[in-house]
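In: I'd like to go over a predicted model; first the sequence, then the structure.
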Amino acid sequence: MYQTLYLIEYGIPIRRSENECVVKYQTRLCARKISSLPFHFFAWLYFDRYGQSWLIDTGCTASIARAFGKVVDTAIPELLAINFDLHAAEIDHVILTHLHYDHAGNINPFKRAHFYVQEVEWSYLNSPTLGAYNGDEFYVESTRRNLNQLADTKRLNLLNGSAQLSDDVSVILLSGHSPGLQGVRINLPHSTAVLASDAAHLLKNLETRRPFPKSFDIRKGVESINTLRLLESEGETIIPGHGLPSKLPHGAHHVQATSLFKT
């Protein structure tokens, strides 16, 4: 189990048009039919070489999902118990790639974990300007409240840019979709996986060099995609935030939990 990465699918997949997923993909000069794309909901679990558990993003609760028109009948804590016999309170580390509802909407069950968040993202969550920018509707009050309570403990680690968190795990600042989005680089035995989170929702964002339309800063989003493409050219495997990579690296597994969901 050591040095193994799991992509845990926690919500009912949906389909979205390319226009919804890729900024300015269709123009007046382009009359091609815009297809729909599969859109998944993931968290990621990694066991490092020392047996420490790293959860990347917490997903959200069923009630928060319903508020956004999504279906989550089995949340991440239950999936950890079902698939890994692992209780949420046993998780050692939680990296929140950013603080949108589907990535940081279920913080409370992880009672002993150390959390890692970019300081600029945490500050923006508490900013009086929150709500004024495209995509700000993805932040929810419960995440702000729960993180601020966590800030009173020694378990919240605020990061300033890219950082090495362990021998196997590092984060890289990939702002654009949100002010302080961070990707996660994981050194597997024979490869490096980069969890792009919503710096690249889907492979289509990487292919077209165009980020998700609802983004805090489109220009920075393009820069982050270029960073991901450079890492990919150097042999690292990019795993999108809401889609599957073209292939999973050795040491990574996709845990499909859709059989647990009501249809």
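Out: Yes, it's here.

In: how far is the longest helix along the chain from where the chain is centred?
Out: Among the segments of the chain that qualify as a helix by DSSP state H, the longest is helix 218-233. Centre-to-centre, helix 218-233 and its host chain are 16 Å apart (Cα atoms, centre = their mean, to the nearest Å).

In: Pull out the buried positions in it.
Out: Buried residues in helix 218-233, counted by 16 or more other Cβ atoms under 10 Å: 218, 220-222, 224-225, 227-228, 231-232. Any C-beta I mention is one placed from the backbone N, CA and C, and that applies to glycine too.

In: so can I have a markdown table of those residues showing pLDDT and distance to residue 151?
Out: Converted to a markdown table, the buried residues of helix 218-233 look like this (pLDDT from 0 to 100; distance: Cβ to Cβ, whole Å):
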| residue | pLDDT | distance to residue 151 |
| --- | --- | --- |
| 218 | 95 | 30 |
| 220 | 97 | 26 |
| 221 | 97 | 27 |
| 222 | 97 | 32 |
| 224 | 98 | 26 |
| 225 | 98 | 31 |
| 227 | 98 | 29 |
| 228 | 98 | 30 |
| 231 | 97 | 31 |
| 232 | 96 | 35 |
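
In: Show me which of those residues is closest to residue 170.
Out: Residue 170 lies nearest to residue 231 out of those, by Cβ to Cβ, at 11.8 Å.

In: Could you find the closest non-adjacent residue to the closest one?
Out: Using Cβ to Cβ, 6 or more residues apart in numbering and skipping the chain neighbours, the partner closest in space to residue 231 is residue 194 (5.6 Å).
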